[in-house]
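Peer 1: got a structure for you, letters missing:
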């Protein structure tokens, strides 16, 4: 058995996973950016490792997280959307003496989708996780592309607007400042003058107000910005398919058909007659946990 942990920008998921990478048991919870968040995350991880370990032989703990994972010192640095400069997981290893493997969260989710989900029939593909930010994974000739120094392939931080909105990474005009689902939802709630609402409730409110001029404009702007980012990604990597994960999947009724139609309608890429397949992630929140142990 293995334990897969997905530390996201706004939630943490922990699963017990068997030898064929199927989830046997899992728990998920929301997390908020606040003081001592590092200690709270470590406490949650410690609790569930201890729980799962009691009745099972655990051979590996896989942890997927935003930022830059370092498997030599078992630390994850620069988790910008949680305000964490360094998360040290070495004490978890010393306590349980179980091998720990750290991965970037989007790379983990993309790997799971590539092996078991929406991208399993392609060799060249891009996975984009649109949630708190925009994470990404790129596959070429069946292999996950990985950089040596840092996590690499941070497609959420390509610039799509010169001198644009401030990003948490310190730059301005990043792809994720315009197309992260968190940003879209914040803007929608402001237009509708809504607070303290779930994503599901917000989606229903947007549907009810689909004739609202500001909401219609927000959706069109989101799709246009998304296509700008996609056009750059497509021209660089020439994927057969692009898969969207994160909370984008739950808002597909607002975006998916319009996005696909617009991608085929106008010339947004160099090879205009060869638009890649646009697909939706199949494994949803399970992807990061599964990918962490692959």
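Peer 2: Nice, thanks for sending it over. Everything numeric in this text was worked out from a predicted model, so none of it was measured.
Peer 1: hmm, who's touching the one helix or strand in the chain whose mean pLDDT sits lowest?
Peer 2: Ranking every helix and strand in the chain by mean pLDDT, DSSP states H and E puts helix 37-53 at the bottom, with a mean of 84. For helix 37-53, the surrounding residues in contact (Cβ atoms under 8 Å, 6 or more residues apart in numbering) are 1, 3, 5, 7, 12, 14, 16, 25, 27, 29, 31, 58, 61, 63, 82-84, 87, 89, 91-92, 95-96, 98. C-betas here are computed from N, CA, C, even on glycine.
Peer 1: what are the pairing partners of the helix or strand just after it, and which direction each?
Peer 2: The first helix or strand that comes after helix 37-53 along the chain, using DSSP states H and E, is strand 60-65. Its sheet considered, strand 60-65 pairs with strand 2-7 (parallel), strand 100-104 (parallel) by DSSP bridges.
Peer 1: what are the contacting residues of the next helix or strand after strand 60-65?
Peer 2: The C-terminal neighbour of strand 60-65 among helices and strands, as given by DSSP H and E, is strand 68-70. Strand 68-70 is contacted from outside by 63, 75-78, 102-104, 150-151, using Cβ under 8 Å, 6+ apart.
Peer 1: which of the residues you listed are buried?
Peer 2: Buried residues within the contacts of strand 68-70, counting neighbours by 16 or more other Cβ atoms under 10 Å: 63, 75-77, 102-104, 151.
Peer 1: looking at those, which one is closest to residue 213?
Peer 2: If you rank the buried ones among the contacts of strand 68-70 by distance to residue 213 using Cβ to Cβ, residue 104 comes first, at 39.5 Å.
Peer 1: residues contacting the closest one?
Peer 2: Counting by Cβ under 8 Å, 6+ apart, residue 104 has contacts 64-69, 135, 151.
Peer 1: looking at these, spot the one nearest residue 255.
Peer 2: Distance to residue 255 across the contacts of residue 104 (Cβ to Cβ) is lowest for residue 135, with 17.9 Å.
Peer 1: residues in contact with the helix or strand harbouring the closest one?
Peer 2: In the assignment (DSSP H and E), residue 135 maps to strand 134-140. Strand 134-140 is contacted from outside by 66, 104-107, 109-111, 114, 119, 122-129, 144-145, 153-156, 175-176, 179-180, 229, 237, 239, 246, using Cβ under 8 Å, 6+ apart.
Peer 1: among the residues you listed, which are in strands?
Peer 2: Among those, the ones falling in strands (DSSP state E) are 104, 125-129, 144.
Peer 1: max pairwise distance over the residues you listed: which two?
Peer 2: The most widely separated members of these, counting by Cβ to Cβ, are 104 and 125 (16.7 Å).
Peer 1: elements contacting the longest helix along the chain?
Peer 2: Assignment by DSSP state H gives helix 213-237 as the longest helix of the chain. Secondary-structure packing of helix 213-237 (3 or more Cβ pairs under 8 Å, 6 or more residues apart in numbering; DSSP states H and E): strand 125-130, strand 134-140, helix 175-179, helix 181-192, strand 241-245, helix 252-265.
Peer 1: please redo it, this time with the cut-off set to 6 Å
Peer 2: In terms of contacts (3 or more Cβ pairs under 6 Å, 6 or more residues apart in numbering; DSSP states H and E), helix 213-237 is packed against helix 175-179, helix 181-192, helix 252-265.
Peer 1: determine which stretch of those helices is the most buried.
Peer 2: Of these, the one with the most neighbours on average (mean count of other Cβ atoms under 10 Å) is helix 175-179, at a mean of 26.
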